[in-house]
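Undergrad: build me a structure from this.
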Amino acid sequence: MQLLAHHDLRSVVDRDGARRAAVASGVRAIAPLVAGLVPLALTVGATAARAGLPPLVGWASSPILYGASGQLTWMQVLGGGGPIALAIAATTLVNLQLLIYGAAMRPYWVDRPRGWRLVAAQLLVGPVFAVVAPHHRAEPDPDLQGHFYLAAGLTLWLAWLVVTGIGYTLGGLAALPILALLTPLITLTLALRGVVDNATLSALLVAGTVALVATSLPYDIGSVGAGMAGIVAGITVDGRNRRRHPTHSSEVAAS
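TA: You can find the predicted model right below:
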C-alpha cells in the first residue's frame, strides 16, 4: 500500500515537472521573436498615436485585434480618413491568414474545451504558430502541448501589449531611422521563417511584388491586395503540387 502511494506521488511530481519544463520551453522558444518584434510593436503603437486615435482606442487594438498587419491596416485606413466599413473589410481580409493557422492547429485542439480553444485562438499569430507547429509535431503529449502553447502565446501577447503601449506613449519614436530600418527587416525575417516549400515562397514573392507596385494606393489598399494575392498564389501552387505529387502531399499532411 505504501509502495503504491509512493509511486502515485512520484508520478504526480514527475508530471508537474514535465509541465513546468514545457512552460519554460515555450517561453524560451518565443523569447527571440519577442525581442525581434520590439521595433515593430513600437511602430504599431506610434502609428496609433499619429493616427489621432484616443489612447484607449489606439491601445485597445493590441489585445483585441492583436497582430501587426491587422492593427496597422485599420489604423492607416482610419488615420487616412477612410470610412469605418473599409477599415473593417480591409482588416478582415488581411487577417484571413489566421484561418490557415487555425486549420493547422485544429487536430491538436479538437478535444479541448471550448473555453480553452477561444483563449488559444486569441493568442494564435504568425510568430506563435512558427514555434508551436514544429513543437507539436515532435511532442505527442496533448497536456504538454497545451502548456507549451499557452506559455509561448501569453508571453508574446503580454509583451506586445506593453511595448505597443510604450510606442503609443512615445509617438514620435517610430520616426527614428533605426526603427524605420529594423521594422521591414524583422517583418521579412519572420516571413522567411515560414517558407517551407515553393507554395509559401510563391506567396511571399507575389505578396511582396504587389505591395511594392501598389504602394501609392490610398487607405493602404496595396497591403490588402498584396495579402490576398499572396494567399491566392500560395493556394494555387500548393494545389498544383498536390496534383503532381499526391502521395507526397498526403504524407506531409499526415505528419
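
Undergrad: roughly how far does the residue most central in space within the chain sit from residue 38?
TA: Among the residues of the chain, the one closest to the centroid is residue 125, at 1.9 Å (Cα atoms, centre = their mean). With distances taken as Cβ to Cβ, to the nearest Å, residue 125 is found 15 Å from residue 38. In short, each C-beta sits where N, CA and C put it, glycine included.

Undergrad: thinking again about what came up before, who touches the residue nearest to the centre of the chain in this structure?
TA: Contacts for residue 125 (Cβ atoms under 8 Å, 6 or more residues apart in numbering) come out as 66, 67, 98, 101, 156.

Undergrad: please repeat the previous calculation with a cut-off of 7 Å.
TA: Neighbour list for residue 125: 66, 67 [criterion: Cβ atoms under 7 Å, 6 or more residues apart in numbering].

Undergrad: run through who's touching the one helix or strand residue 59 maps to.
TA: Using DSSP states H and E, residue 59 falls within helix 55-64. Residues outside helix 55-64 that contact it (Cβ under 7 Å, 6+ apart) are 48, 49, 71, 74, 160, 161, 164, 165, 168.

Undergrad: who wins for neighbours among these?
TA: Most neighbours among the contacts of helix 55-64, by other Cβ atoms under 10 Å: residue 48, with 29 neighbours.

Undergrad: could you list the domains of this protein?
TA: What automatic domain parsing lists as the domains of the chain is 20-172, 195-255.

Undergrad: picking that back up, buried by neighbour count: which residues of the helix holding residue 59 qualify?
TA: Under the neighbour-count criterion of 16 or more other Cβ atoms under 10 Å, helix 55-64 has 58, 59, 61, 62 buried.

Undergrad: what is the next helix or strand after it packed up against?
TA: Toward the C-terminus, helix 55-64 is succeeded by helix 68-79 as the next helix or strand (DSSP H and E). Helices and strands touching helix 68-79, as assessed by 3 or more Cβ pairs under 7 Å, 6 or more residues apart in numbering; DSSP states H and E, comprise helix 38-50, helix 55-64, helix 84-94.

Undergrad: the closest residue to residue 79 other than its chain neighbours and residue 226: what is the separation?
TA: In space, and not counting its chain neighbours, residue 79 is closest to residue 51: 3.1 Å by Cβ to Cβ, 6 or more residues apart in numbering. Distance check for residue 51 against residue 226: by Cβ to Cβ, it reads 21 Å.

Undergrad: with residue 95 instead?
TA: Going from residue 95 to residue 226 by Cβ to Cβ gives 14 Å.

Undergrad: more neighbours: which of those two?
TA: More neighbours surround residue 226 than the other of residue 95 and residue 226, with 22 against 19 (other Cβ under 10 Å).

Undergrad: and the contacts of stretch 102-110?
TA: Against stretch 102-110 from outside (Cβ under 7 Å, 6+ apart): 117, 120, 121, 124, 133, 136, 145.

Undergrad: quick one, what contacts the third one?
TA: What it means is residue 121. Neighbour list for residue 121: residue 102 [criterion: Cβ under 7 Å, 6+ apart].

Undergrad: I appreciate the help and will end here.
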